[in-house]
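**Q** My questions concern the predicted model and sequence given below.
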Amino acid sequence: MSEHQERADRLDDEAEQMQQRSSELGEEIADAREDWKNKVADENVPGTPPAPKDSDDDQDELAPWPDE
């Protein structure tokens, strides 16, 4: 196998690993966002901002994600 083909194979493997990790991180982020929404909706969880009092607001917009 040529040096170029070996390098191409290594880069393909690395790209596949990066894609897998990206997918895993996406799932972790989605889980963390869902957990945050649940915590914000529960008044008994310390450290979360209070939910808005307006009933016209969408429930998904309870409070911004901490880094937004």
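**A** Noted; the coordinates are in hand. Numbers count the residues shown, from 1 in each chain.
**Q** what residue is smack in the middle of this structure?
**A** By Cα atoms, centre = their mean, the chain has its centre lying nearest to Ile29, at 1.5 Å.
**Q** quick one, phi/psi of it?
**A** Dihedral pair for Ile29: phi -70, psi -40, per degrees, to the nearest 10.
**Q** so how far is Gly47 from it?
**A** Applying Cβ to Cβ, to the nearest Å, the value for Ile29 to Gly47 is 20 Å. The way it works is simple: take the backbone N, C-alpha and C, and place the C-beta from them, glycine included.
**Q** what stretches of this protein score poorly on pLDDT?
**A** Filtered on pLDDT under 70, the chain yields the residue ranges 51-65, 67-68.
**Q** residue ranges of the helices in it, please?
**A** Ranges of helices within the chain are 3-41, based on DSSP state H.
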